[in-house]
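Participant: Can you look at this prediction? I've put the sequence above it.
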Amino acid sequence: MWKDDIESASRPLYPMMLESPELRWSFIRKIYGIVSIQLFLTIVVASVVVTVHPISHFFATTRVGLAIYIVLIIAPFIVLCPLHSYYKRHPLNYFLLGLFTVTLAFPVGLTCAYTSGKVILEAVILTAVVVISLTLYTFWAARRGQDFNFLGPFLFGAIIVLLLFSVIQIFFPLGKISVMIYGGLASIIFCGYIIYDTDNLIKRYKYDEYIWAAVALYLDVINLFLSLLNILRAADRQ
């Protein structure tokens, strides 16, 4: 078994690979370890928000709570600024990554607090199945010479359309059907991002960019979960 692991690690991850497969496999394991810790921390924070009902009640019934909620939505983007500057400086980069994860986990928990447990469970199961399936597919495709770098411009354009659609929804709500359409489009886009970022993880990220690789994959998973949650929640209310 140990011999098989060594042989597997020594195989190139993709054709024309010039670097050491062992180093790249070690880098990949490090990234998935970081993302796993981020997801675990997100589950812990979100669970506290969901189970401690006074928290969600405070945000739903007070103006101060609403103001803090808006700050929490903006906070992850603010934390990304110093993270961009210090992503190579250990251990400050891990502290900022943890802060980014917690500030993002709190709004996720508030979203789940106003959703039924059945819908949350369905969204979690679907997200896990899709992420694992797409990850395995991307590794399989990379071994056979397929490259997904061409998806970058298309996914960027799709994100712009998605953001504009969400702004329109804020000022001109279109009802449950539009929410389901938005969730469906977002799910497809973030499925594409999972493939694209996993392909970059295999081939393009440098070894000192482990923080950004983890942030990209973590955001893909969280956004896919929220997109599926929107679809299932809208369907459950009909």
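Facilitator: Good, I have the coordinates. Numbering: from 1, shown residues only.
Participant: rest of the way, CA atoms for contacts and neighbours
Facilitator: OK.
Participant: start to end distance for stretch 43-59?
Facilitator: Stretch 43-59 has an end-to-end distance of 19 Å (criterion: Cα to Cα, to the nearest Å).
Participant: Give me the buried stretch members for it, please.
Facilitator: Residues 43-50, 56, 59 are the ones in stretch 43-59 that count as buried (16 or more other Cα atoms under 10 Å).
Participant: helices or strands next to the helix or strand where Ile170 lies in the packing?
Facilitator: If you go by DSSP states H and E, Ile170 is part of helix 151-171. Under the contact definition 3 or more Cα pairs under 8 Å, 6 or more residues apart in numbering; DSSP states H and E, helix 151-171 sits against helix 176-203.
Participant: Give me the packing partners of the helix it packs on, helices and strands only.
Facilitator: Counting by 3+ Cα pairs under 8 Å, 6+ apart, the packing neighbours recorded for helix 176-203 are helix 21-51, helix 117-143, helix 151-171, helix 210-236.
Participant: in the last one, what's buried?
Facilitator: Think helix 210-236. For helix 210-236, the neighbour count (16+ other Cα under 10 Å) marks 210-234 as buried.
Participant: The shortest one now?
Facilitator: Along helix 151-171, these residues count as buried under the neighbour rule (16+ other Cα under 10 Å): 155, 158-159, 162.
Participant: do the first one as well
Facilitator: Under the neighbour-count criterion of 16+ other Cα under 10 Å, helix 21-51 has 21-22, 24-25, 27-28, 31-32, 34-35, 38-39, 41-50 buried.
Participant: coming back round to it: of all the helices and strands packed on helix 176-203, which one is nearest Leu99?
Facilitator: Proximity to Leu99, assessed across the helices and strands packed on helix 176-203 by Cα to Cα, is greatest for helix 21-51 (10.3 Å).
Participant: so for the closest one, what's the average pLDDT?
Facilitator: Mean per-residue pLDDT for helix 21-51: 92.
Participant: and the next element down the chain from that helix?
Facilitator: Going down the chain from helix 21-51, the next helix or strand is helix 53-61, by DSSP H and E.
Participant: Now the element after that following helix, going C-ward?
Facilitator: helix 63-85.
Participant: Now the helix or strand just after that next one: buried residues?
Facilitator: Counting by DSSP H and E, the element after helix 63-85 in chain order, helix or strand, is helix 92-113. Residues of helix 92-113 classed as buried: 93-94, 96-113 (neighbour count, 16+ other Cα under 10 Å).
Participant: Equivalent analysis for stretch 115-127, please.
Facilitator: Across stretch 115-127, burial judged by 16+ other Cα under 10 Å covers 115, 119-120, 123-124, 127.
Participant: From the chain's centroid, how far away is that stretch?
Facilitator: From the chain centre to the centre of stretch 115-127 is a distance of 16 Å (Cα atoms, centre = their mean, to the nearest Å).
Participant: likewise stretch 53-62?
Facilitator: Distance, stretch centre to chain centre, for stretch 53-62: 26 Å (Cα atoms, centre = their mean).
Participant: who's in contact with that stretch?
Facilitator: If you take Cα atoms under 8 Å, 6 or more residues apart in numbering as the criterion, stretch 53-62 is touched by 49-50, 65-66, 68-69, 110, 113.
Participant: 7 Å - rerun?
Facilitator: Residues from elsewhere that reach stretch 53-62, judged by Cα atoms under 7 Å, 6 or more residues apart in numbering: 49, 65-66, 69, 110, 113.
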